[in-house]
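Enquirer: I'd like to go over a predicted model; first the sequence, then the structure.
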Amino acid sequence: MTSNTAPIKWAQRTDSLYITIAIPDVKDETIDLTDTELHFKGTSEGKLYEVSIKFYESIDSSNPESTYKVLPRSVQMHVIKAKKEEDDGDDETFWPRLLADKTLEKNQVKIDWDRYVDEDEEDEAGGFDTSALDGGMGMGGGMPPGMGGMGGMGGMPGMEGMDMEALMKQMGQMGGGAGGMPGMPGMGDDFGGDDGEADSDDDDEDDLPELEE
């Protein structure tokens, strides 16, 4: 299958990039993000698309906030820039472009004007709205689908996942009924005490002579 170059939109803040691969209904996607490059491959509407780019500067591919999500109309990514100490003490700056290759940038990359802000307006505009990426995958592989709920644990408070019948049987084998339960000595098959000692104490009290006035 002949591959096509996927169109890219991007915007930035001093600490991160927001990249959109603008093709709909992506399936069978593979995304490989390194500290310097992004490689994407996926199918859309029966066509194979690829992206292979080198960033203008380094990013932090291992940062847990570097995530992506396949949405109905695009693949969206939030990528954290690598921190870099500058001579003037500034460790984060705006990039003049997304790619190291200026020619490739002109042919393949467009500004995402919906998310774009000027550098001097960033404090007022704030960071990216990443709510669309909730539940997305980490760039390094992320959490496999289906791990989110850990079914069967029931959240622990109700202990729904435990076999209560088996637990009761196990307790019943800890010394034969209530008489073997820790902290409850003296509770045999009946509540009369050991060998009727409690009853004999009552009988002794009945035999005491009455005091004369």
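Expert: Thanks, I have the structure now.
Enquirer: so how many other residues sit close to the nearest residue to D134 once chain neighbours are set aside?
Expert: Leaving out its chain neighbours, the residue that sits closest to D134 by CB to CB, 6 or more residues apart in numbering is K69, at 8.0 Å. No exception for glycine: its C-beta is placed from N, CA and C like everyone else's. Residues near K69, counting by other CB atoms under 10 Å, number 16.
Enquirer: Quickly find the element holding K69.
Expert: Counting by DSSP states H and E, the element that carries K69 is strand 67-71.
Enquirer: ditto for D123
Expert: Under the criterion DSSP H and E, the helix or strand holding D123 is helix 122-125.
Enquirer: Contacts for the strand holding K69, please.
Expert: With contact meaning CB atoms under 8 Å, 6 or more residues apart in numbering, strand 67-71 is reached by 26, 29, 31, 75-78, 130, 132-139, 142.
Enquirer: Sort out for me which of these are in strands.
Expert: Of the positions in the contacts of strand 67-71, V26, E29, I31, V75, Q76, M77, H78, M137, G138 sit in strands, assigned by DSSP state E.
Enquirer: need the contact list for the fifth one.
Expert: Going back to what we said before, that points to Q76. With CB under 8 Å, 6+ apart, Q76 has these contacts: Y18, I19, T20, I21, Y68, K69, A132, L133.
Enquirer: one more time with 10 Å
Expert: 9, 18-22, 67-70, 112, 130, 132-133, 136 (CB atoms under 10 Å, 6 or more residues apart in numbering).
Enquirer: Would you mind measuring from the residue nearest to D134 to G138?
Expert: As judged by CB to CB, to the nearest Å, K69 and G138 stand 11 Å apart.
Enquirer: Quickly find the element holding the nearest residue to R115 once chain neighbours are set aside.
Expert: Using CB to CB, 6+ apart and skipping residues adjacent in sequence, the residue nearest R115 is A11, 3.7 Å away. Secondary-structure assignment from DSSP H and E places A11 in strand 8-12.
Enquirer: residue ranges of the strands in the protein, please?
Expert: 3-5, 8-12, 16-21, 26-33, 37-44, 47-54, 67-71, 74-80, 109-111, 137-138.
Enquirer: For P96, find the nearest of the ones you listed.
Expert: Closest approach to P96 among the strands of the chain (CB to CB): strand 8-12, 10.3 Å.
Enquirer: Show me what the closest one packs onto, helices and strands only.
Expert: Counting by 3 or more CB pairs under 10 Å, 6 or more residues apart in numbering; DSSP states H and E, the packing neighbours recorded for strand 8-12 are strand 16-21, strand 74-80, helix 102-108, strand 109-111.
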